[in-house]
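[1] Build me a model:
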Amino acid sequence: MTLPGATAVPTAGLAVIIDGVATPAVEGASLFECAEAAGVRVPTSCVKQGKCRECLVEVEEGAERLTPPAPQEEHLSGRFRLSCRARIIAPGVIRCHTLRRNALRVETETTGLVSAAPLEPSVTRSGRRVLLEGRVLVEAGGPLHGLAVDVGTTTVAVRLYDLESGALVATNSFENPQRFGGTDVMARIRYDGEHKGKLLQRTLLGYLGHAIEALPCDPLTIYELVVVGNPTMRDLFFGLDVEPIGRMPYRSVTEEAFRAGRASTTSVVTTGARLRLPVHAEARVVGLPLVGSHVGADAAACALATGLLDSDEVTAVIDIGTNTEVIVGNRHRLLAASCPAGPAFEGGGVACGMPALEGAVERVRIREDGGVEVHVIGEGEPAGICGSGLVDLLSELRRTGGMNEQGRLADERDRFEVDAEHGLFLSERDINELAQAKGANAAGLRIAVESYGLALSELPRLDLAGGFARYLDTAAARRIGLIPDLPDERLRQVGNAALEGASIALRSLPRRRALEEAVRRIEHVRLETHPRFFDVFVEGCQFEPFGREAV
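    Below you'll find the model as predicted:
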């Protein structure tokens, strides 16, 4: 079937808008076929047979105009469909998006970090022999490539390196397709336990495979991958049982094995062939070690990237996300905590929230006349509000008196209109979700720093890690109490430090081994059992500055 493409929404009849691109359609066509006609690529490995379950779309409008879910879609709920199974049965407008939208704000870079580790990768060459830690892996010509992969709850970021020169060759990123199983780690743990067939792992690896194939290299020249993520994301990647992470004492099966003396590390090692990735079959895939409980390999990688393992200066690193991690200390002593922040600042649970992808409002300003100015990622039409935009909006509401410190809107309103034309607003329910996420982050940082023996006001440096923090207006974040009220010179926005740490571990085997040793001595601060957590959390839910006071 051939459908003519179009760039504007037809004024009459039937149209499908997928990833913001509109195309006329006919009844009986699948959403996959409509995407092909519109020039939108939908991930697939089975070519529309309904077997790979990769061609996910989220239907935002017009779901009633589609066929009921097919048996191949029984694992999906909410607004998610397989585009090859969902066919049009009634005229009107159908609006949906794939889970590989243009990820303009998925952070693949770092700022202000100096990676001084010597180039000493595991993969080397001797003539035509490719060696892995001195062992012959294969005889082959061509370059030696490696991948650093950061598996986030919301997004996945990839770096491709030339392991002989250490040069960064390319980056790629995409929305984590596991979102159909829930927006936070606990939801995905439940989903994985309730559904057979490792659907979350298979879908993620399928999307990663497509991302690898899009890189400017022969995938068979990729001989090692270093993977980081929180314990749930890392273990789902490797197909491990994540059920123990969801119940007390919240430990990965690798942490349980390590503590019981059945394993010498919490790292995970397998091959590209076992994961069915389009890399060399014998390529080694390494999941870096966990710190403990919900503090994962991503937090360990942040510590490596930001210099905590080598510095005498006390620093706190906070990687704000669905599962926020905090690490405090220096080379002499390190503490870590995990904050159950939830997905609010990544768009989850907020009516008009969305990840920092094309179409997201990332900047908000309220004028003196009450009008609202916004800046949209990609400069197109606004489709939602991402985390940095939500922080700006809350800050502007506080600055202009449109919201009090408890999160109540002025004039007894229950919502604030951001862009009525495009249906964007912020409700008091949304504000409550954001307050709780903010409160968890603030409480985790405060308790970790105070457990180290410092007041927040005494903290020499605070590193803000992750894509969300990279684009954060720190003045706005301080005004609403998302981060402590520290002077600019003590704040550093470092970008994706987890991916940078994975990159260091990929290119430097000695630094990887140093990280293995360091994680064994990191002290884990359990927020859920800390006697002050609830009080500090409640204080953190207030939209006002904090961190000036002493302990």
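
[2] Spatially nearest residue to Gln542 (excluding sequence neighbours)?
    Glu405 (5.0 Å; C-beta to C-beta, 6 or more residues apart in numbering). In this view, the C-beta of every residue, glycine as well, is placed from N, C-alpha and C.

[3] Tell me who's in contact with the one you found.
    Arg398, Gln542, Phe543, Glu544 (C-beta atoms under 8 Å, 6 or more residues apart in numbering).

[4] Please pick the buried ones from those.
    Arg398, Gln542, Phe543 (16 or more other C-beta atoms under 10 Å).

[5] Just to check, the second one is in contact with Met403?
    No. If you go by C-beta atoms under 8 Å, Gln542 and Met403 don't touch, sitting 11.6 Å apart.

[6] What's the separation between the spatially most central residue of the chain and Phe537?
    For the chain, the residue nearest the mean C-alpha position is Gly152 (3.2 Å; C-alpha atoms, centre = their mean). From Gly152 across to Phe537, the span is 24 Å (C-beta to C-beta, to the nearest Å).

[7] And for Arg125?
    Here Arg125 is placed at a distance of 53 Å from Phe537 (C-beta to C-beta).

[8] neighbour count winner among these two?
    Between Arg125 and Phe537, counted using other C-beta atoms under 10 Å, Phe537 has the larger neighbour count: 23 against 16.

[9] Would you list the phi and psi of Leu288?
    Taking degrees, to the nearest 10, you get phi -60, psi 160 for the backbone angles of Leu288.

[10] residues contacting it?
    226-228, 234, 267, 297, 300-301, 501-502, 505, 512, 515.

[11] Out of the helices and strands in this protein, which is least certain?
    helix 467-470 (a mean of 84; mean pLDDT, DSSP states H and E).

[12] Next SSE downstream of that one?
    helix 474-479 (DSSP states H and E).

[13] any idea of the mean pLDDT for the helix or strand just after that next one?
    Where DSSP H and E defines the elements, the next helix or strand beyond helix 474-479 is strand 491-495. Mean per-residue pLDDT for strand 491-495: 93.

[14] Check stretch 146-163 too.
    Rounded mean pLDDT across stretch 146-163 is 95.

[15] Now do the buried residues in that stretch.
    Applying 16+ other C-beta under 10 Å to stretch 146-163 flags 146-163 as buried.

[16] So which of these belong to strands?
    In this view, these that belong to strands under DSSP state E are 146-151, 155-162.

[17] which two from these end up farthest apart in space?
    Within those, two members stand farthest from each other by C-beta to C-beta: Thr155 and Asp162, at 24.6 Å.

[18] Give me the contacts around stretch 196-207.
    Contacts to stretch 196-207, defined as C-beta under 8 Å, 6+ apart, come from residues 43, 45, 52-54, 56, 75, 99-100, 151, 156, 174, 176-178, 180-181, 188, 191-192, 236-239, 275-277.

[19] can you do 7 Å?
    43, 45, 52-54, 75, 100, 174, 176-178, 181, 188, 191-192, 236-237, 239, 275-277 (C-beta atoms under 7 Å, 6 or more residues apart in numbering).

[20] Show me which positions of that stretch end up buried.
    Going by neighbour count (16+ other C-beta under 10 Å), the buried part of stretch 196-207 is Leu199, Leu200, Gln201, Arg202, Thr203, Leu204, Leu205, Gly206, Tyr207.

[21] Off-centre distance for it?
    17 Å (C-alpha atoms, centre = their mean, to the nearest Å).

[22] Low-confidence stretches in this protein?
    Scanning the chain with the threshold set as pLDDT under 70 gives 1-13, 100-116, 549-551.

[23] Just the contacts of stretch 196-207: which are in helices?
    With DSSP state H as the criterion, helices contain Arg188, Tyr191, Asp192, Leu236, Phe237, Leu275 from among the contacts of stretch 196-207.

[24] Any figure for the gap between the nearest residue to the second one once chain neighbours are set aside and Thr306?
    Of all residues not flanking Tyr191 in the chain, Gly181 sits nearest, at 3.7 Å (C-beta to C-beta, 6+ apart). Relative to Thr306, Gly181 is positioned 31 Å away (criterion: C-beta to C-beta).
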